[in-house]
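Student: only geometry, no sequence info:
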């Protein structure tokens, strides 16, 4: 099916993709703010210590990066990487079209 053939469907499809991307960004914020399992208790003999849970933090990072990648694909104009190029140097502006 070609989206160009069905303009009303295309509009609804694009709106759904934007909504999905926005929802993914909301989820990323929730994941980033949730620190419940970043530390765990380790009991050694008679002592209890707090230990950093690197596995949980890495899993959270992966969850965020996955959602970020999908949001970039769903709505690149809002969530895609902005690339800016700049030309500098002594010869900038010397080559002009005639």
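Tutor: Now that the structure is in, tell me what you want to look at. Keep in mind that what you see is a predicted model, and the values were worked out from it rather than measured.

Student: where does this protein dip in pLDDT?
Tutor: 1, 92-98 (pLDDT under 70).

Student: where along it do the helices fall?
Tutor: Assignment of helices within the chain using DSSP state H yields the ranges 7-33, 54-74, 76-79.

Student: of those, which is nearest residue 39?
Tutor: helix 54-74 (9.0 Å; Cβ to Cβ). C-beta here means a position set from N, CA and C on the backbone, and glycine is covered the same way.

Student: can you name every helix or strand that that closest one contacts?
Tutor: Applying 3 or more Cβ pairs under 8 Å, 6 or more residues apart in numbering; DSSP states H and E, one finds that helix 54-74 makes contact with helix 7-33, helix 76-79.

Student: export the ones you listed to TSV and tack on mean neighbour count?
Tutor: Converted to TSV, the helices and strands packed on helix 54-74 look like this (neighbours: other Cβ atoms under 10 Å):
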stretch	mean neighbour count
helix 7-33	13
helix 76-79	12
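
Student: export those to a markdown table and append columns for distance to residue 56.
Tutor: Below are those laid out as a markdown table (distance: least, Cβ to Cβ, whole Å):
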| stretch | distance to residue 56 |
| --- | --- |
| helix 7-33 | 11 |
| helix 76-79 | 25 |
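
Student: residue 43 is nearest to which of those helices?
Tutor: The closest approach between residue 43 and any of the helices and strands packed on helix 54-74, judged by Cβ to Cβ, belongs to helix 7-33 at 28.1 Å.
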